[in-house]
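**Q** Turn this into a structure:
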Amino acid sequence: MNLPNACKGLFSVLPVVIACVCNAQESGALTVPTPSFSNPGAAPSTTTVPATGTTLRPLKPVRLPDAAPLDEKQPEKKVVIEAVEEVNTSETTTVPEKKEVKTALSKSAEIRIEMLETIGDQLSLRMRSMKKREEALSQREESLIEREAKAAEREKMIRQIEESLLQREAVVRRREKLPPPQVWRGDSAPSVYAKYAAVLDGRTMQFFHMKNGTAPTPVASTQKLMTALVICAAGSLDEIVTVTREATLVEPTKVGIKTGETYTRRQLLTALLVKSGNDLAAALAIDNAGSVEAFANKMNLMGKEIGLVNSDFKTPHGLPAKGQYSCARDIAIVAFEAYQNPEIRDIVRQKTYRFVFNDDTSYLLSNTNRLMREWEHCNGMKTGFTYAAGRCLVSSANIGGEHRIAVVINTNNSAVWTDSKKLLEWSLDLELLGPMSGFES
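**A** Below you'll find the model as predicted:
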């Protein structure tokens, strides 16, 4: 209930009540106004009370409590306001506490962040340290692997040297059994067009003539005789060789073997010496040593065993290669060793050879040594040509048990045959007078 409004309504009807009482004394009836407390602003209703038999007593003065000013706050509202003020006060008093809690939490978070940063820094340092340690260990392992590889390579080289020494001893013992060099007489050696030349005895390895014999020069495919020596020294000529892609990429002279095809070593070696296919030389080299480079090392090692003095082979086929060279004297010695090998000697005398491919097709190969077809006494050996080496030919001949080997390097197309034949005929016509002094048996 709104107390100020109710009081206001009461004060508004009080004069009316007094007037009614006065009138009732005169008329005998009393009309009493009834204010509406639920709606103080409405006009009061009236109630008439009969004055018959009613004795009105004078009203006693009523002391009403002092009415509070209408704009004064009421107790209930004051209580509410006080409660609100208490709440506000309590809220005001909790703000510092919240700030203190927030400050405490902030400091705790800062401490945690600092701790986490410290831990992160320590982990980062530890990770870097571990990484450096791993790198050091990796480098150490690589160094150890490299040292082991070098040690293995050194052991391999030592074994090769030991084998080479054994081979060298075998060569020396075999050569000690050769017939002694002979004292001979005859005409002077014929003039030849070739820039480099050599002639030697096929039984005694005695040199009868050399022209620029030790001068280094490319020798083209004549060095395939050295390839044949290395292959035959390994033996097992009837074992299978699988052709690699690398072997098929060699140019220019090719027989036409294909990647993945299989042939015996004897097939490839025969076709190599008859037709001079570079792809065949590469296939044999890779089969024997794993790579062309490794095979070239074997060629040079064998060269030392048989007494070469001015040769460095880089390929098994004689195609141009940086740093590759030999000389007429060394190629003559290679030819002499090949001439002593029954396998090679049998191959190089073949004028033709039918090569059968894996698909059963065949190819009749004609020997590139035209001298065998033109001169009946010629029984081998190997042709060669590059622009750097010119026309080259190693040829052999046998007349009446006398064997001669001639080498011509860097000549032209027609002279290569005539130069070779002239040297062979000249050396076969020499009169041998007996062993040289100091070589008598």
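**Q** Please count neighbours and contacts with C-alpha atoms only from this point.
**A** OK.
**Q** And the contacts of the helix or strand containing residue 329?
**A** Here residue 329 sits within helix 328-340, counting by DSSP states H and E. With Cα atoms under 8 Å, 6 or more residues apart in numbering as the test, helix 328-340 has contacts from 196-200, 202, 205, 210, 212-215, 222-223, 225-226, 228-229, 303, 306-311, 344-345, 381, 394, 405-409.
**Q** What's the local residue count around residue 343?
**A** Residues within reach of residue 343, counting by other Cα atoms under 10 Å, total 17.
**Q** oh, I was asking about residue 161
**A** 15.
**Q** And it, how close does it get to residue 358?
**A** 39 Å (Cα to Cα, to the nearest Å).
**Q** returning to what we had before: the contacts of helix 328-340 in strands, which ones?
**A** 196-200, 210, 381, 394, 405-409 (DSSP state E).
**Q** Derive a PyMOL selection command for the buried subset of the contacts of helix 328-340.
**A** Of the contacts of helix 328-340, the buried ones go into a single PyMOL selection, burial set by 16 or more other Cα atoms under 10 Å:
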select buried, resi 196+197+198+199+200+202+205+210+213+214+222+223+225+226+228+229+303+306+308+310+311+344+345+381+394+405+406+407+408+409
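**Q** Can you give me the pLDDT of residue 81?
**A** With respect to pLDDT, residue 81 has a value of 53.
**Q** which of the residues in the helix holding residue 329 are buried?
**A** 328-339.
**Q** I'd like these laid out as TSV, including distance to residue 110.
**A** Listed next are these as TSV, based on distance: Cα to Cα, whole Å:
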residue	distance to residue 110
328	90
329	90
330	87
331	88
332	91
333	90
334	88
335	91
336	93
337	90
338	90
339	94
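**Q** Which of the helices or strands spans residue 280?
**A** Per DSSP H and E: helix 278-289 holds residue 280.
**Q** Touching that helix from outside, list them.
**A** 224, 227, 231, 234, 241-244, 246-257, 265, 268-269, 271-272, 291-292, 295, 316-317.
**Q** chain center to it, what's the gap?
**A** 27 Å (Cα atoms, centre = their mean, to the nearest Å).
**Q** list the contacts for residue 304?
**A** So residue 304 contacts 164, 168 (Cα under 8 Å, 6+ apart).
**Q** Swap in 7 Å and give it another go.
**A** Going by Cα atoms under 7 Å, 6 or more residues apart in numbering, residue 304 touches no other residue.
**Q** same deal with residue 407?
**A** Residues near residue 407 by Cα under 7 Å, 6+ apart: 197-199, 328, 332, 393-395.
**Q** need the strands for the stretch 51-200 of the chain, in chain order.
**A** 182-185, 196-201 (DSSP state E, counting those that start in this stretch).
**Q** how about the helices in the protein?
**A** With helices called from DSSP state H, the chain shows them at 3-27, 75-176, 224-234, 245-248, 265-275, 278-289, 292-306, 328-340, 342-348, 370-374, 415-428.
**Q** roughly how far apart are the closest residue in space to residue 220 that isn't next to it in sequence and residue 333?
**A** Once flanking residues are discounted, residue 220 sits nearest to residue 318: 4.4 Å by Cα to Cα, 6 or more residues apart in numbering. Using Cα to Cα, residue 318 is found at 17 Å from residue 333.
**Q** For residue 272, which non-adjacent residue is spatially closest?
**A** Residue 272's closest residue in space is residue 280 (Cα to Cα, 6+ apart), at 5.9 Å.
**Q** Number of residues surrounding that neighbour?
**A** 29.
**Q** so residue 379 makes contact with residue 347?
**A** No - Residue 379 is beyond contact range of residue 347, at 10.0 Å (criterion: Cα atoms under 7 Å).
**Q** picking that back up, just send the helices of the chain back as JSON lines, with distance to residue 191 too.
**A** Output for these, formatted as JSON lines (distance: least, Cα to Cα, whole Å):
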{"stretch": "helix 3-27", "distance to residue 191": "156"}
{"stretch": "helix 75-176", "distance to residue 191": "31"}
{"stretch": "helix 224-234", "distance to residue 191": "26"}
{"stretch": "helix 245-248", "distance to residue 191": "40"}
{"stretch": "helix 265-275", "distance to residue 191": "29"}
{"stretch": "helix 278-289", "distance to residue 191": "32"}
{"stretch": "helix 292-306", "distance to residue 191": "29"}
{"stretch": "helix 328-340", "distance to residue 191": "16"}
{"stretch": "helix 342-348", "distance to residue 191": "27"}
{"stretch": "helix 370-374", "distance to residue 191": "19"}
{"stretch": "helix 415-428", "distance to residue 191": "8"}
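**Q** between those helices, which gets nearest to residue 192?
**A** Residue 192 sits nearest to helix 415-428 of all the helices of the chain, at 5.3 Å, using Cα to Cα.
**Q** And that closest one, what does it pack against?
**A** strand 390-399, strand 402-411 (3 or more Cα pairs under 7 Å, 6 or more residues apart in numbering; DSSP states H and E).
**Q** can you list contacts of the first one?
**A** Contacts of strand 390-399 with the rest of the structure, by Cα under 7 Å, 6+ apart, involve 219, 222, 377-385, 403-413, 416, 420, 424.
**Q** any low-confidence regions in the protein?
**A** 1-98, 439-441 (pLDDT under 70).
**Q** domains in it, as residue ranges please.
**A** Using automatic domain parsing, the domain parsing of the chain gives 1-70, 73-177, 178-435.
**Q** just the ones you listed: most buried one?
**A** For these, the largest average neighbour count (mean count of other Cα atoms under 10 Å) is found in domain 178-435, namely a mean of 20.
**Q** Off-centre distance for that domain?
**A** 40 Å.
**Q** Numbering from 19 from now on, please.
**A** Done: numbering now begins at 19, and the last item shifts to domain 196-453.
**Q** Just the endpoints, please. Distance across that domain?
**A** 12 Å.
**Q** Check stretch 322-338 too.
**A** End to end - Cα to Cα - stretch 322-338 spans 22 Å.
**Q** go on, stretch 229-249?
**A** Stretch 229-249: ends 30 Å apart by Cα to Cα.
**Q** Give me the contact list for it.
**A** So stretch 229-249 is contacted by 214-216, 287, 317, 328, 334-337, 342-347, 352-353, 356, 400-404, 406-407, 410-412, 427 (Cα under 7 Å, 6+ apart).
**Q** residues in contact with stretch 444-459?
**A** By Cα under 7 Å, 6+ apart, stretch 444-459 touches 198-204, 207, 420, 422.
**Q** That one: how far from the chain's middle?
**A** Distance, centroid of stretch 444-459 to centroid of chain: 63 Å (Cα atoms, centre = their mean).
**Q** quick revisit: okay, the helix holding residue 298 in CSV with CA atoms only?
**A** Provided in CSV are the C-alpha atoms of helix 296-307 (Å, rounded to 0.1, in the frame of the first residue of the first chain):
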residue,chain,number,x,y,z
ASN,A,296,82.8,-51.8,-78.9
ASP,A,297,79.6,-52.9,-77.2
LEU,A,298,81.1,-56.3,-76.8
ALA,A,299,84.2,-54.9,-75.1
ALA,A,300,82.1,-52.9,-72.7
ALA,A,301,79.9,-55.9,-71.8
LEU,A,302,83.0,-58.1,-71.1
ALA,A,303,84.6,-55.4,-69.0
ILE,A,304,81.6,-54.7,-66.9
ASP,A,305,81.0,-58.4,-66.4
ASN,A,306,84.7,-58.9,-65.3
ALA,A,307,85.2,-55.9,-63.1
